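A.B. asks: below is the sequence, then the predicted model.
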Amino acid sequence: MLPAAVYSWFVSLEIALAVVTFVALCFIVAPYGGRHGRAGWGPTVPARVGWVIMEAPASILFLIFYLLGDHRGELVPIIFLVLWQAHYLQRAFVYPFLMRSGSRMPVVVMLMAMAFNLLNTWVNARWISQYGSYPASWLGDPRFWIGVVLFVGGYALNVTSDRILRRLRRSKTAGAATGGYSIPQGGGYRFVSSPNYLGEIIEWTGWAIATWSIAGLAFALYTFANLAPRAMANHRWYQQTFDDYPAERKALIPYVI
Ligand code: NDP
């Protein structure tokens, strides 16, 4: 087993990556997905394939790292394992097969995401089942329940928002003049342009609170760093693409920004 000091270094690395990612993404829009895709990023794979390859390790390796921990048989760590897998089994093995876009993803983006997932998965799985301590009494702590409620609420917002996007592509002619894109309506889209990202950020903030850990905080920070600049880019893209885009809709946080 690695000494705790080495573990702390990896957590610090993840926090540093969050800062670097945020700064970088304020200047560069990550070139995955059809509307932000562009040439010059090397070979590409179908986005569906990219999603499975980059997200599957987050599910499979989490389970393996988890099972290596001394606390693997305890109730609270098992609940955290279930929450994590609820997200990543959906993201790696369900979401990619529901996608209706034929967009492509640069291999380099896929590899960077895989590398991050490897680090993040190790940092969080090892915390939950080895370095952290979650006796059954943690179930009586409000932080656990506040976190779980946020996690489940964020998950629901994320999944339902992605579903609304998919339905926009039900017909082959929908959004024909704008590359297959239309203005999403209903659900979280009444308030913001990227409720799927908002849901994801809420979800991992919930994880950070429920686990009350630096590992969870590092992941929540990274998720925000990754998705907030992209939400701003999506919002600008909608406003530039659709003359009738709802003026009251914000980018990421209802009524604020
Ligand atoms: P997007 O919202 O950009 O796209 C999701 C899908 O919907 C794509 O297939 C896209 O097609 C399609 N789509 C988007 N907008 C429209 C529209 N207006 N009309 C028709 N189709 C549309 O999400 P991402 O691809 O960035 O992310 C997908 C999921 O992954 C989200 O749930 C997100 O939260 C999560 N994610 C999490 C990250 C993290 O750090 N935890 C990082 C990145 C993503 P196309 O590909 O052709 O644009």
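C.D. replies: Received, thanks.
A.B. asks: now do the helix or strand hosting Ser12, average pLDDT.
C.D. replies: Secondary-structure element containing Ser12, defined by DSSP states H and E: helix 4-27. What helix 4-27 shows for mean pLDDT is 96.
A.B. asks: centre of the chain to it, how far?
C.D. replies: Centroid displacement of helix 4-27 relative to its chain, using Cα atoms, centre = their mean, to the nearest Å, is 16 Å.
A.B. asks: same check, this time on stretch 247-257
C.D. replies: Here stretch 247-257 is found 20 Å from its chain centre; the criterion is Cα atoms, centre = their mean.
A.B. asks: next one: stretch 171-179
C.D. replies: From the chain centre to the centre of stretch 171-179 is a distance of 27 Å (Cα atoms, centre = their mean).
A.B. asks: what number of residues lie near Gln239?
C.D. replies: Neighbourhood size, Gln239 [other Cβ atoms under 10 Å]: 15. All C-beta spots, glycine's among them, are computed from the backbone N, C-alpha and C.
A.B. asks: sorry, back to before: which residues sit against the following helix or strand past the helix holding Ser12?
C.D. replies: Next along the chain after helix 4-27, taking DSSP H and E as the criterion, comes strand 44-46. Here strand 44-46 makes contact (Cβ atoms under 8 Å, 6 or more residues apart in numbering) with 53, 102, 104-107, 110.
A.B. asks: where does this protein get nearest to the ligand, which residue?
C.D. replies: Distance from the ligand to each residue of the chain (Cβ to the nearest ligand atom) is smallest for Gly34, at 2.7 Å.
A.B. asks: for Ser103, see how far away that residue is.
C.D. replies: 4 Å (Cβ to Cβ, to the nearest Å).
A.B. asks: can you tell me the closest non-neighbouring residue to the residue nearest the centre of the chain?
C.D. replies: In the chain, the centroid-proximal residue (Cα atoms, centre = their mean) is Glu200; its distance is 5.1 Å. Computed as Cβ to Cβ, 6 or more residues apart in numbering, the closest residue to Glu200 that is not its neighbour in sequence is Asn158, at 5.0 Å.
A.B. asks: number of nearby residues for that neighbour?
C.D. replies: Neighbour tally, Asn158, other Cβ under 10 Å: 24.
A.B. asks: next: the one 3 residues further on.
C.D. replies: By the measure other Cβ under 10 Å, the count of residues near Ser161 is 22.
A.B. asks: how about whichever strand or helix holds it: buried residues?
C.D. replies: Taking DSSP H and E as the criterion, Ser161 maps to helix 142-167. Within helix 142-167, the residues scored as buried using 16 or more other Cβ atoms under 10 Å are 144, 147-148, 150-151, 154-155, 157-159, 161-162, 164-165.
A.B. asks: can you tell if that helix touches the ligand?
C.D. replies: Yes. On the criterion Cβ under 6 Å from any ligand atom, helix 142-167 is in touch with the ligand at 158, 162, 165.
A.B. asks: next one: stretch 244-257
C.D. replies: No. Using Cβ under 6 Å from any ligand atom, stretch 244-257 never reaches the ligand; the gap is at least 10.3 Å.
A.B. asks: which residues of the stretch 1-150 of the chain lie near the ligand?
C.D. replies: Within the stretch 1-150 of the chain, the positions near the ligand by Cβ under 6 Å from any ligand atom are 33-35, 47, 99, 101, 103.
A.B. asks: mind redoing it with 8 Å?
C.D. replies: 32-37, 47, 51, 91, 95, 99-103, 113 (Cβ under 8 Å from any ligand atom).
A.B. asks: tell me the buried residues within these.
C.D. replies: Taking 16+ other Cβ under 10 Å as the criterion, what is buried in those is 32-33, 35, 37, 47, 51, 91, 95, 99, 101, 103, 113.
A.B. asks: nearest to Leu63 among those?
C.D. replies: Nearest to Leu63 among these is Arg91, at 14.5 Å by Cβ to Cβ.
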